[in-house]
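Undergrad: Here's a sequence, model it:
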Amino acid sequence: MPAIDRNATVAEIVTAHAVTARIFQKHRIDFCCHGDVSVAEACRPRALDPDTVFAELEASLPQANGDEDPRALSTFALVARIVDRHHAYLRRTLPFLEPLAHKVASVHGDHNPRLLGVRDAFLELAAALEPHLDHEEAVLFPALLSPAPDREILRKELEGMMSDHLQVGALLERIRALSEGFTVPEWGCRSYRVLMSELETLETDVLRHVHLENHVLMPRFAGRATAEARG
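TA: Next up, the predicted model:
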């Protein structure tokens, strides 16, 4: 098993070793929209010891279970993975979580007012994600897979995608902060526990989804000739 490249960016490490995403997520290190920094740079604002983080990253490698390198996928296969795995997950999960977030906020909001903020941030997240998925499937992905893609359209669409991702990342961070890291107090009911667990799973999936789009899909088209970039 190859060691972690200590000169690589956070995003490059996750691309090469998908299993390391959970370590960065645990330490609230952004490997998606702000992943183009070294581990040492990412650790500085959080007062983390880079050597300790690298030790955790390297300890996670045996758990990779032969994860496929997404860079080896054709563009068509990569888009299909994003739609079939990540878009499908969100289309199932967002409608399930909405009534649950309302219920937990209604029942326990007086005891823990932060739950009202969790509910509101989740509703904002769902309102941002649902049209984003539709637009990617109807406009962005067909443009990327076109035999003769228009560079100006691609530029505008990729800029829009990045803007959406920044908004989503900020909302995920807000939900994590308001939920105090998805913790459940001793008095939390089953619905409370399910909501926190599902929100953490949602965060995990969305971060990996955004990482694939920002750091595997987008570089095939941004800043290079379209004819050379298609997978």
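Undergrad: what's the domain layout of the chain?
TA: 10-63, 72-229 (automatic domain parsing).
Undergrad: quick check: mean pLDDT across the longest one?
TA: This points to domain 72-229. Domain 72-229 shows a mean pLDDT of 92.
Undergrad: Can I get the domains of the chain in CSV including mean neighbour count?
TA: The C-beta positions use only the backbone N, C-alpha and C, and glycine is treated the same way. Shown next, in CSV, are the domains of the chain (neighbours: other C-beta atoms under 10 Å):
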stretch, mean neighbour count
domain 10-63, 17
domain 72-229, 16
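Undergrad: just so I know, which of those domains lies nearest Ala3?
TA: domain 10-63 (6.2 Å; C-beta to C-beta).
Undergrad: what is the mean pLDDT for the closest one?
TA: On average, domain 10-63 scores 91.
Undergrad: Check the offset of that domain from the chain's centre.
TA: 14 Å (C-alpha atoms, centre = their mean, to the nearest Å).
Undergrad: Surely Val79 touches Leu140?
TA: No: using C-beta atoms under 8 Å, Val79 makes no contact with Leu140, being 9.2 Å away.
Undergrad: Would you reformat the domains of the chain as a markdown table and include distance to Ala3?
TA: Converted to a markdown table, these look like this (distance: least, C-beta to C-beta, whole Å):
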| stretch | distance to Ala3 |
| --- | --- |
| domain 10-63 | 6 |
| domain 72-229 | 20 |
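Undergrad: Just the element for the residue of the chain positioned farthest from its centre, please.
TA: Of all residues in the chain, Asp110 sits farthest from the chain's C-alpha centroid, using C-alpha atoms, centre = their mean; the distance is 31.2 Å. Using DSSP states H and E, no element contains Asp110; it sits outside every helix and strand.
Undergrad: Now it: phi and psi?
TA: phi -70, psi -40 (degrees, to the nearest 10).
Undergrad: That one and Ala16, how far apart?
TA: Asp110 sits 47 Å away from Ala16, going by C-beta to C-beta, to the nearest Å.
Undergrad: now for the domains of the chain, which one comes closest to Ile4?
TA: Proximity to Ile4 (C-beta to C-beta) singles out domain 10-63 among the domains of the chain, at 5.1 Å.
Undergrad: how long is that closest one end to end?
TA: Domain 10-63 has an end-to-end distance of 19 Å (C-alpha to C-alpha, to the nearest Å).
Undergrad: what do you get for stretch 60-79?
TA: Stretch 60-79 end-to-end distance (C-alpha to C-alpha) = 27 Å.
Undergrad: Show me what that stretch is in contact with.
TA: Residues outside stretch 60-79 that contact it (C-beta atoms under 8 Å, 6 or more residues apart in numbering): 1, 4, 15-20, 22-23, 81, 141, 144-145, 212, 216-217, 220, 230-231.
Undergrad: run the last query once more with 7 Å
TA: Stretch 60-79 is contacted from outside by 1, 15, 17-20, 23, 81, 141, 144-145, 212, 216-217, 220, 230-231, using C-beta atoms under 7 Å, 6 or more residues apart in numbering.
Undergrad: Repeat that for stretch 211-220.
TA: 11, 14-15, 31-33, 35, 70-71, 75, 78, 82, 158, 161, 165, 229, 231.
Undergrad: thinking His86 is in contact with Val210, fair?
TA: No: checked against C-beta atoms under 7 Å, the pair His86 and Val210 is beyond contact range at 8.9 Å.
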